[in-house]
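Colleague: need the 3D shape of this:
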Amino acid sequence: MTADIAWWFLAVALILTGLAGTVLPALPGTALVLAGIVLGAWIDDFQRVGGGMLAVIAAIAVLAWVLDYAAGLLGARHAGASRQAVLGAALGTVAGLFMGLVGVLFMPLVGAAVGEYLARRDERRALHVGVATWLGVMLGMLAKVVLAFVMIGLFVVALLV
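Modeller: Numbers count the residues shown, from 1 in each chain. Just a heads-up that it's a prediction; the model follows:
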């Protein structure tokens, strides 16, 4: 019984860390949420959360991962971003990791704008591409957060039913 409590604490810690990871790119958010859910199902011997439910939750985790990456690229493509803008957004995202939450939220915009400016030397276009890329990144992050909560909701409902 005591061991089960320790395992449940670990499962909840993984899920909570995963939720943080949905907004902090340094952490694999939905993968950690999925790991916590699988651990929770294992603790319960897969009695209430079986293979079918875990497959659905895993598919949602994959969808969240794909949307996270695709959203920023779609925002950039919609604005007609250059390769340098996409590279700049990626570099801005990495640089933002070292600047806290504000850096994580805004450095992709700065990186995309700088990359686009270096490619085309047009300030107005650079700003447009930067904002479009940033909007895509933010929509991807929002989708990832929502899908992580859907994963958790399905897990909790399966445990309680």
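
Colleague: ok, residue 150 touching residue 60?
Modeller: Yes - contact criterion Cβ atoms under 8 Å: residue 150 and residue 60 qualify, at 6.0 Å. Any C-beta I mention is one placed from the backbone N, CA and C, and that applies to glycine too.

Colleague: okay, the two: which has more neighbours?
Modeller: Neighbours were counted for residue 150 and for residue 60 using other Cβ atoms under 10 Å; residue 60 has more, 18 against 15.

Colleague: pull the contacting residues for the more buried one.
Modeller: 30, 147, 150-151, 154 (Cβ atoms under 8 Å, 6 or more residues apart in numbering).

Colleague: make it 10 Å
Modeller: Applying Cβ atoms under 10 Å, 6 or more residues apart in numbering to residue 60 gives the contacts 30, 33-34, 147-148, 150-151, 154.

Colleague: that one: which element?
Modeller: Using DSSP states H and E, residue 60 maps to helix 51-78.

Colleague: list the buried ones in that helix?
Modeller: By neighbour count on 16 or more other Cβ atoms under 10 Å, the buried set for helix 51-78 is 53-54, 57-58, 60-61, 64-65, 67-68, 71-76.

Colleague: what about the closest residue to residue 103 other than its chain neighbours, which helix or strand?
Modeller: Nearest residue to residue 103, sequence neighbours excluded (Cβ to Cβ, 6 or more residues apart in numbering): residue 96, at 3.6 Å. Using DSSP H and E, residue 96 maps to helix 83-96.

Colleague: now that helix - C-alpha only, PDB.
Modeller: What follows is helix 83-96, C-alpha atoms only, in PDB (Å, rounded to 0.1, in the frame of the first residue of the first chain):
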ATOM      1  CA  ARG A  83      14.000  29.800 -44.800                       C
ATOM      2  CA  GLN A  84      16.000  32.300 -42.700                       C
ATOM      3  CA  ALA A  85      12.900  33.400 -40.900                       C
ATOM      4  CA  VAL A  86      12.000  29.800 -40.000                       C
ATOM      5  CA  LEU A  87      15.600  29.200 -38.900                       C
ATOM      6  CA  GLY A  88      15.500  32.500 -36.900                       C
ATOM      7  CA  ALA A  89      12.300  31.400 -35.200                       C
ATOM      8  CA  ALA A  90      13.900  28.100 -34.200                       C
ATOM      9  CA  LEU A  91      17.000  29.800 -32.900                       C
ATOM     10  CA  GLY A  92      14.900  32.400 -31.100                       C
ATOM     11  CA  THR A  93      13.000  29.600 -29.400                       C
ATOM     12  CA  VAL A  94      16.200  28.000 -28.200                       C
ATOM     13  CA  ALA A  95      17.600  31.400 -27.000                       C
ATOM     14  CA  GLY A  96      14.300  32.100 -25.300                       C
END
